[in-house]
Structure formats: C-alpha cells, structure tokens
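# Here is the input, now give the coordinates:
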Amino acid sequence: MAREIPSPQIPKGLKPYFQEYDISRLNHIRDANLIIQRTLEFGTWDEIRWLFETYRSKRIRLFLREHGVRGLKPVTFNYWRKLLNIRKWKKSPFLIGKDELWNH
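Below is the predicted model:
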C-alpha cells in the first residue's frame, strides 16, 4: 500500500485568506490552484518564497496561464505575468465594457 506524502504546511500568515477552509485539510496537490491564487494575491515575500519552493516556477506559470486572469485582481495578474514573462494566457470568458476598467 502506498504511503501518503503529507502536504507542506501553509504558512500561518496566510490563514486569514483561507477563512472558508480548514487550512489543515487543504492538500498541496488537490488544492494547488487555490493555494497558489491566494498566496500570489496576498502573500508576503517570505510566503511567496515558500510558494515557489513548494510548487516551482513551472507550476505557478501554468496557474497564471490557465486561471490567472480570472483568479487574480488585474493588477496582481499583470504583475506576476510580467515578472514571469508570460506572453500567452487564457482570456476571460466575460466581456468587459470599454468604460468599466482603467486603461492599461
């Protein structure tokens, strides 16, 4: 029987950003998109460092390409997109009116 590898412990400073979850029950594989999203959006530099050590750049870049535009605030998405040199990503399926967002 295969032994289950325990999930890396989410930094305590991120706990307020997972209020609707029992943080001890989150699994780093199953809940990766949630953990990456909340950490990129709200994490300190130490928590970001933990994120990159846990998931590595390739997995974080995949999240940004697949879910970043919908899962992060526009300013956060654009920051990480530019920092990690992501040029292609899934566009949001929701139409945004011309006057609904600030000019970029």
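# how near is the residue most central in space within the chain to residue 8?
For the chain, the residue sitting closest to the mean C-alpha position, by Cα atoms, centre = their mean, is residue 37 at 2.1 Å. To residue 8, residue 37 is 16 Å away according to Cβ to Cβ, to the nearest Å. (C-beta placed from N, C-alpha, C; glycine too.)
# Same check on residue 32?
11 Å.
# between the two, who's got more neighbours?
It is residue 32, of residue 32 and residue 8, that has more neighbours when counted by other Cβ atoms under 10 Å, with 17 against 13.
# The more buried one reaches residue 62, doesn't it?
No: with contact defined as Cβ atoms under 8 Å, residue 32 and residue 62 do not form a contacting pair (9.3 Å).
# dump the residue contacts of residue 10.
Residue 10 makes contacts with 18, 23, 26, 35, as judged by Cβ atoms under 8 Å, 6 or more residues apart in numbering.
# which outside residues touch stretch 43-63?
Stretch 43-63 has contacts (Cβ under 8 Å, 6+ apart) with 8, 11, 13-14, 28, 32-33, 35-37, 39-40, 71, 80, 84, 86.
# can we see that at 6 Å?
8, 11, 13-14, 33, 36, 39, 84 (Cβ atoms under 6 Å, 6 or more residues apart in numbering).
# Ranking by neighbours, what's the top pick from these?
residue 36 (25 neighbours).
# On the pLDDT front, check that one for me.
pLDDT for residue 36: 98.
# Tell me who's in contact with it.
Residue 36 neighbours (Cβ under 6 Å, 6+ apart): 60, 63.
# what's the spacing between it and residue 86?
Taken as Cβ to Cβ, the span from residue 36 to residue 86 is 14 Å.
# List the buried residues in the longest helix seen in the chain.
Criterion DSSP state H: the longest helix present in the chain is helix 45-63. Buried residues in helix 45-63, counted by 16 or more other Cβ atoms under 10 Å: 47, 50-51, 54-55, 60-63.
# can you pull the contacts of residue 17?
Counting by Cβ under 6 Å, 6+ apart, residue 17 has contacts 38, 42.
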